[in-house]
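*Asks:* Output the structure for:
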Amino acid sequence: MRPVTLWGVYHANGGLVGELTYVIGKLRGTAHCGLCDITHGSVRVKPKWKTLEASLGIPFRLVHLNEQPPRLAALTQGSTPCVVGESEDGLSVLLGPEDLEACGGSVDRFGERLGEAIEAAGTSTAT
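*Replies:* The predicted structure is shown next:
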């Protein structure tokens, strides 16, 4: 079933300590998040990301690991970053870590892959 909400889960904790830990890890080469590379430039959200998000027609909620609702955290544990679709049928992973990494930080490539995943989710039948 077609998602009514999209969740993007970063592979990092939020808050001052979480953000600082991620930045230091990124600089040291010990932390990486493919979704961060897509949504953010060096410091702030990419303008292209904002444009894509506005064009989706589906609410897209970006959350850090420690900001996830419990049922989302149960699904994504050990498989972040990712994008999850929420529909009347529940939650399902639309794009996993490998999918996001394959975008190479490109908002355009992400938009294409997300569109394909949403299309596939909208045409699949529940079992």
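
*Asks:* Please make it C-alpha for all contacts and neighbour counts, starting now.
*Replies:* Fine.

*Asks:* Next, the contact list for Leu95, please.
*Replies:* With contacts defined as C-alpha atoms under 8 Å, 6 or more residues apart in numbering, Leu95 is in contact with 82-84, 113-114, 117.

*Asks:* Sort out for me which of these are in helices.
*Replies:* In helices, judged by DSSP state H, the following of the contacts of Leu95 are found: 113-114, 117.

*Asks:* Check these against Glu101 and report the nearest one.
*Replies:* Taking C-alpha to C-alpha as the measure, Glu101 sits nearest to Arg113 out of the ones in helices among the contacts of Leu95, at 11.4 Å.

*Asks:* picking that back up, let me have the contacts of Leu95 in CSV, extended by distance to Arg2 and neighbour count.
*Replies:* Below are the contacts of Leu95 laid out as CSV (distance: C-alpha to C-alpha, whole Å; neighbours: other C-alpha atoms under 10 Å):
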residue, distance to Arg2, neighbour count
Cys82, 17, 23
Val83, 14, 26
Val84, 12, 23
Arg113, 15, 18
Leu114, 12, 18
Ala117, 10, 17
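
*Asks:* Redo those as JSON lines? Include distance to Asp37 and pLDDT.
*Replies:* Converted to JSON lines, those look like this (distance: C-alpha to C-alpha, whole Å; pLDDT from 0 to 100):
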{"residue": "Cys82", "distance to Asp37": "12", "pLDDT": "98"}
{"residue": "Val83", "distance to Asp37": "14", "pLDDT": "98"}
{"residue": "Val84", "distance to Asp37": "18", "pLDDT": "98"}
{"residue": "Arg113", "distance to Asp37": "15", "pLDDT": "97"}
{"residue": "Leu114", "distance to Asp37": "15", "pLDDT": "97"}
{"residue": "Ala117", "distance to Asp37": "19", "pLDDT": "95"}
